[in-house]
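Chemist: Here you go, sequence then predicted model.
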Amino acid sequence: MRPADAAEPEVQEPPSSEHHEPEHHEPEHHEPEQPAAPGSASPRRTGLIVAGAVAGLIAVSLVGHQLVANAVHAWIWPAWSAADTRFDEASAAYEGTFERSDSAVQRAEFLLGMATGDLVRPEDRAALEEGIDGARQVLEDRPAAPTGVVELGEPDSMAPAWERYGDLVELIELVPSRNEAAVRFDAAAEQVAAGTKAIAEASETLLTGTEELARAALDASPSATYQYRFAVEDALAGLRHSPGVSSGDADRFTALSAAVAGVRASHATEEAHRLEHPVRAEIEAFARSIASDVELEFAWAYTVAGRSSDAWYSGTAEFKPDGQGWGLISLTESIESEWANDVNAKAVVVHEVGHTQVLRQACYDIFAAAPFDGDHEVWATAWAIGMGYDLPGAGIEMYGRPSDAQIEASKACR
């Protein structure tokens, strides 16, 4: 039975009489979605997180490498800087020592070329030759330079870690290389300096020996005239000047040898002169005895200053500037012939010696001032009178007698 209000099911006819196969549709297959666990991310988000984490680790790692590279580079840089400075100083010192030694060798070679003749001891010359050869060998044996090409970045410059690591690899080799090279250059500089010292000592020994030989020749020639003795002294003084290859100076050893030969010849001539003219030698010795160490030389002639020996005792005095100054006194032969017979002949000699006294500064000051005022003849006459030769030959006959004040003033020159 049905409920009273139940309706009959509605029956609908198909719209047409055509037969249709019923359509069959396979239902779409879907995996049932699992509910997400609380707090979990989706796969896409997880991938992003992982990539970020890896990138972060890489960044941290790179930054760490950079920091380590910079720190190690900065730590080792002072050692490199010290080694490089140390080598630069050693190299500069060596080059300076090298240049001085090379110059010394050239001077020594020039000296060796001049040092010839009987004023050079053979053993001194041989020692100098040996010193030059030794110094040359040392100069040719230059120390080896440090290895490695230096192209390094400064610690405060920007550089990636791999460049810093590259610098560190180079520094590991460069620091000891620089230090070892500095030691080599120091040792080489010492050897060069030793060679220079050997040359200097050998040169000094040679020069000292030459001086000794020259002075021995001078001492053995006491009768040589002043101009020849002075020539030796002057040549000896020139010998001490450091000879230079391009100085243009004359050969000092040749000059000294010539001067020594001259002084020996002068001595021989004077000795012969004294033997041949003993009275002249006596007169010259007398003149020197009152000249207060003023150097004097003499010339003898029949006629002096236009006055012949037939009627005059005549003389002249000339001043020469060489050295401390010296005087050349010329006398007539009549003075020689009458030396023992007429004191006026001696008075003429004293007058001429008086002229030469103005070469002494103390006497020149008197001569130049009042009462002489630079009058040579009044001065020489007053000086001769003051020496005790109040005679016509003292200059009175030719120039008149000086005043008593002038004669007294001249006595201060003794």
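Modeler: That came in fine, so what should we check first?

Chemist: switch to C-alpha atoms for all contacts and neighbour counts from now on
Modeler: Will do.

Chemist: Just give me the neighbour total for Phe185.
Modeler: Look at Phe185: counted by other C-alpha atoms under 10 Å, it has 25 neighbours.

Chemist: now it: how far from Phe98?
Modeler: Distance from Phe185 to Phe98, counting by C-alpha to C-alpha, to the nearest Å: 11 Å.

Chemist: Pro278 too?
Modeler: Distance from Pro278 to Phe98, by C-alpha to C-alpha: 63 Å.

Chemist: try Leu112
Modeler: According to C-alpha to C-alpha, Leu112 and Phe98 sit 21 Å apart.

Chemist: For those two, indicate the residue with more neighbours.
Modeler: Neighbours of Leu112 and Phe98, each counted by other C-alpha under 10 Å, are more numerous for Phe98; the result is 21 against 17.

Chemist: Confirm that one sits in a helix?
Modeler: Yes: assessed by DSSP: H, G, I helix; E, B strand; the rest coil, Phe98 belongs to a helix.

Chemist: Next one: it, what pLDDT does it get?
Modeler: On the pLDDT scale, Phe98 is placed at 96.

Chemist: which ones are touching the spatially most central residue of the chain?
Modeler: Nearest to the mean C-alpha position of the chain, by C-alpha atoms, centre = their mean, lies Arg100 at 6.9 Å. Taking C-alpha atoms under 8 Å, 6 or more residues apart in numbering, we find Arg100 in contact with no residue.

Chemist: So Leu239 is in contact with Phe253, correct?
Modeler: Yes: between Leu239 and Phe253 there is a contact under C-alpha atoms under 8 Å: 7.2 Å.

Chemist: Compare these two and say which is more crowded by neighbours.
Modeler: The neighbour comparison of Leu239 against Phe253 (other C-alpha under 10 Å) goes to Phe253, with 23 against 19.

Chemist: so which strand or helix has the more buried one?
Modeler: Per DSSP states H and E, Phe253 falls inside helix 252-276.

Chemist: Same check on Thr316?
Modeler: strand 315-320.

Chemist: mind listing what the very next helix or strand once past that strand pairs with, with the direction of each?
Modeler: Next along the chain after strand 315-320, taking DSSP H and E as the criterion, comes strand 326-332. Paired neighbours of strand 326-332 in the sheet (DSSP bridges): strand 295-301 (parallel), strand 315-320 (antiparallel).

Chemist: least trustworthy helix or strand in this structure by mean pLDDT?
Modeler: Of all helical and strand segments in the chain, the minimum by mean pLDDT, DSSP states H and E falls on helix 43-114, at a mean of 69.

Chemist: Could you report the separation of the residue nearest to the centre of the chain from Asp234?
Modeler: Arg100 sits at a distance of 29 Å from Asp234 (criterion: C-alpha to C-alpha).

Chemist: Over to Glu333?
Modeler: 33 Å.

Chemist: got it, and Tyr228?
Modeler: Tyr228 sits 10 Å away from Asp234, taking C-alpha to C-alpha as the criterion.

Chemist: Equivalent analysis for Glu173, please.
Modeler: According to C-alpha to C-alpha, Glu173 stands 62 Å off from Asp234.

Chemist: quick one: which of those two has more around it?
Modeler: Ranked by neighbour count (other C-alpha under 10 Å), Glu173 and Asp234 place Asp234 first, with 16 against 12.

Chemist: which residues touch the nearest residue to Arg136 once chain neighbours are set aside?
Modeler: Leaving aside its sequence neighbours, Arg136 sits nearest to Val105 (C-alpha to C-alpha, 6 or more residues apart in numbering; 7.4 Å). By C-alpha under 8 Å, 6+ apart, the contact list for Val105 reads Ile132, Ala135, Arg136, Thr196, Ile199.

Chemist: Would you confirm that the first one contacts Leu111?
Modeler: What it means is Ile132. No: with contact defined as C-alpha under 8 Å, Ile132 does not count as touching Leu111 (10.9 Å).

Chemist: contact partners of stretch 265-279?
Modeler: Outside stretch 265-279, the residues touching it (C-alpha under 8 Å, 6+ apart) are Ser221, Pro222, Ser223, Ala224, Thr225, Tyr228, Arg280, Ala281, Glu336, Trp339.

Chemist: Tell me if the third one really is in a strand.
Modeler: No: if the criterion is three-state DSSP, then Ser223 is coil and not within a strand.

Chemist: Next up, phi/psi of it, please.
Modeler: Taking degrees, to the nearest 10, you get phi -90, psi 0 for the backbone angles of Ser223.

Chemist: Identify the residues contacting it.
Modeler: Each residue near Ser223 by C-alpha under 8 Å, 6+ apart is listed here: Ser266, His267, Ala268, Glu270, Glu271.
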